[in-house]
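In: Got a sequence here, can you model it:
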Amino acid sequence: MTRAPVLASCSVVAYATPPEQIENLLRGVSGSWPRLLTYLIENSPDDSLRSLAPRYQALYWHQPDNPGFGRAHNRAMRAAMEAGSRYHFVLNPDIHFSDDTFLRLLAYMESQPDVAMLAPRICFPDGRLQPLCKLLPAPIGLATRRFLPWLHRRSGHQYDYEMHASGYDRIMDVPVLSGCFMLIRTDALAKAGLFDERFFLYFEDVDLSRRLARVGRTVFYPHVTVVHEYGRGSYHDWRLLCHHSASAVRYFNKWGWWFDEERERVNARALGSISLAKTGVGIDAAGDVAP
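Out: Numbering: from 1, shown residues only. Here you go, the predicted model:
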């Protein structure tokens, strides 16, 4: 007897997003999984996307007051969890993926019950890798990366922070996964909590990754690739830079500025795992060396 596919869900939060971009995403989502609850939340003054939702069986909410990225996704995740969804995709509007992407990622999650969150390999439209696997940030390193990028690169900190030594070619546990594409086990969300709504924009994915890693594994899965049109808005818009800076302050106020023992331990373990992988040795979930 064939088992029915698991109930999964996804949410997309849009702000002044071109309707054609959202329609392309919804078209891909609608054909990706037979039992998928889709939520489209428009945090814009107008409701230009409303007519798209029924075409792709998506539930639509218009929030003209723009309560923020995390708060909007939380509304969808709460509804999805109440409906019985076992896995939830958090998607940016500027994501593109193949028809079997959800199938392959959900199959991996089903086979690995200790994984709380999963992220695929993410590339630019021209095929270049986006190095979005990261260590937990530290204040000085983050400030240097943002305002003195040449120094951050020359010092080797960027190489470590973005985990380049891994080669991005193997399954690995990662301290921080990008909010542009996340697959989250809802049981883990129930334990760790949803997005912290004090983060209006930026760092909500860092904070959630950190909390989910306390109840399960946060894993990079390179055998599936998605395309992200990554605009790096805070590098071009002073308002987004202000949001980015304010969220950084909130993050370090929450987790610690100079003394963060958990950060040091988690980052050291992640870098150590990369080094050991090169010698054919792994580290198990408890942090012990394993053949």
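In: Now do the helices in the stretch 101-250 of the chain.
Out: Ranges of helices within the stretch 101-250 of the chain are 101-111, 139-147, 149-154, 157-161, 186-192, 204-212, 238-255, based on DSSP state H, counting those that start in this stretch.
In: Can you add distance to Ala119 and give those helices back as a markdown table?
Out: Heads up, the C-betas are built off the backbone N, CA and C, glycines and all. A markdown table is the format used below for the helices of the stretch 101-250 of the chain (distance: least, CB to CB, whole Å):
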| stretch | distance to Ala119 |
| --- | --- |
| helix 101-111 | 9 |
| helix 139-147 | 20 |
| helix 149-154 | 23 |
| helix 157-161 | 16 |
| helix 186-192 | 14 |
| helix 204-212 | 9 |
| helix 238-255 | 19 |
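In: Least confident of those helices, on average?
Out: Here those differ in mean pLDDT, and the lowest is helix 149-154 at a mean of 70.
In: wouldn't Val227 be in contact with His96 here?
Out: Yes: in this structure, Val227 is within contact of His96 by CB atoms under 8 Å, at 4.2 Å.
In: Pull out the buried positions in stretch 106-113.
Out: 106, 108-109, 112 (16 or more other CB atoms under 10 Å).
In: highest average neighbour count across the helices of the stretch 101-250 of the chain?
Out: For the helices of the stretch 101-250 of the chain, the largest average neighbour count (mean count of other CB atoms under 10 Å) is found in helix 204-212, namely a mean of 23.
In: tell me the angle it makes with helix 238-255.
Out: Counting by axes from the mean of the first three to the mean of the last three CA atoms, to 10 degrees, helix 204-212 points 20 degrees away from the direction of helix 238-255.
In: Run the chain-centre distance for helix 204-212.
Out: In terms of CA atoms, centre = their mean, to the nearest Å, the centre of helix 204-212 is found 9 Å from the chain centre.
In: tell me which strands and helices it is in contact with?
Out: Applying 3 or more CB pairs under 8 Å, 6 or more residues apart in numbering; DSSP states H and E, we find helix 204-212 packed against strand 115-123, helix 186-192, helix 238-255.
In: how about low-confidence regions in the stretch 51-200 of the chain?
Out: Scanning the stretch 51-200 of the chain for pLDDT under 70 picks out the ranges 150, 152.
In: Looking at the helices and strands packed on helix 204-212, spot the one closest to Asp46.
Out: Evaluated over the helices and strands packed on helix 204-212, closeness to Asp46 peaks at helix 238-255, with 19.0 Å, by CB to CB.
In: Against which helices or strands is that closest one packed?
Out: So helix 238-255, by 3+ CB pairs under 8 Å, 6+ apart, packs with helix 139-147, helix 204-212.
In: rewinding a little: could you say which one of the helices and strands packed on helix 204-212 comes nearest to Thr144?
Out: Nearest of the helices and strands packed on helix 204-212 (CB to CB): helix 238-255, 12.7 Å.
In: between the closest one and helix 139-147, how big is the angle?
Out: Using the same axes, to 10 degrees: helix 238-255 against helix 139-147 is 170 degrees.
In: Which positions within the helix or strand just after helix 238-255 qualify as buried?
Out: Using DSSP states H and E, the next helix or strand after helix 238-255 towards the C-terminus is helix 261-278. By neighbour count on 16+ other CB under 10 Å, the buried set for helix 261-278 is 263, 266-267, 270-271, 273-274, 277.
In: Is it possible to get CSV of those residues that adds pLDDT?
Out: Formatted as CSV, the buried residues of helix 261-278 follow (pLDDT from 0 to 100):
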residue, pLDDT
Arg263, 97
Val266, 98
Asn267, 97
Ala270, 97
Leu271, 95
Ser273, 92
Ile274, 93
Ala277, 78
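In: ok, of these, which one's closest to Val206?
Out: Of the buried residues of helix 261-278, the one sitting nearest to Val206 (CB to CB) turns out to be Arg263, at 10.8 Å.
In: pretty sure that closest one is touching Lys254, no?
Out: No: counting by CB under 8 Å, Arg263 stays clear of Lys254, with 11.9 Å between them.
In: Distance to Ser245 for the helices and strands packed on helix 238-255 - can I get that in JSON lines?
Out: JSON lines is the format used below for the helices and strands packed on helix 238-255 (distance: least, CB to CB, whole Å):
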{"stretch": "helix 139-147", "distance to Ser245": "9"}
{"stretch": "helix 204-212", "distance to Ser245": "14"}
